[in-house]
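Chemist: Pasting a predicted model and its sequence here:
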Amino acid sequence: MLVPDGGGPPPHRHDFEEMFAVLDGEVEVELRGVTSTARKGDVVNVPANAPHRFVNRRPEPAHLLCMCTPAGQERYFALIGDSVPSRDSAPPHLSDDELALRRQRALELAPTFRSEFIFGKQ
């Protein structure tokens, strides 16, 4: 994942295990109500059904390697995200309307991919 400044999912949970490794940059992570910073080289393990979120609070993009068990979540990311040509490509610049469309698509597809957004907790 290439996470631009301010990017990252809102609080959510899903019924599968997730792990992400920070390849470059850093992200603020909230896992079960505890906030910490994950930096380059750190690995974050998210148990199934654990409420969590992350956000990039730095001006440069963060690069994350995300793995979900069992597999299948990559289809969700492909449907809501934007592909970039390479790991070193800049994130796409999206208008407010384009961002709103992606958020709406993420909300609509979440149940199909066994995920739930938790609103009211930022």
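Modeler: Received, thanks. Numbers count the residues shown, from 1 in each chain.
Chemist: CA only for contacts and neighbour counts going forward, please
Modeler: Noted.
Chemist: Can you tell me the SS state at residue 20?
Modeler: The assignment at residue 20 comes out as strand when based on DSSP: H, G, I helix; E, B strand; the rest coil.
Chemist: cool, and residue 8?
Modeler: Following three-state DSSP, residue 8 is assigned to coil.
Chemist: Quickly list what the closest residue to it other than its chain neighbours is bridged to.
Modeler: Here the nearest residue to residue 8 in space, its sequence neighbours aside, is residue 55; by CA to CA, 6 or more residues apart in numbering that works out to 4.5 Å. Partner residues in beta bridges with residue 55: residue 28, with DSSP bridges as the criterion.
Chemist: My guess is residue 55 contacts residue 29. True?
Modeler: Yes - the pair residue 55 and residue 29 qualifies as a contact (CA atoms under 8 Å) at a distance of 6.7 Å.
Chemist: follow-up on the earlier one: I'd like to check which residues are in contact with the residue nearest to residue 8.
Modeler: Residue 55 makes contact with 6, 7, 8, 9, 27, 28, 29, according to CA atoms under 8 Å, 6 or more residues apart in numbering.
Chemist: right, and out of those, which lies closest to residue 91?
Modeler: residue 7 (10.3 Å; CA to CA).
Chemist: Quick check: the closest one touching residue 56?
Modeler: Yes - here residue 7 reaches residue 56: they are 5.6 Å apart, a contact under CA under 8 Å.
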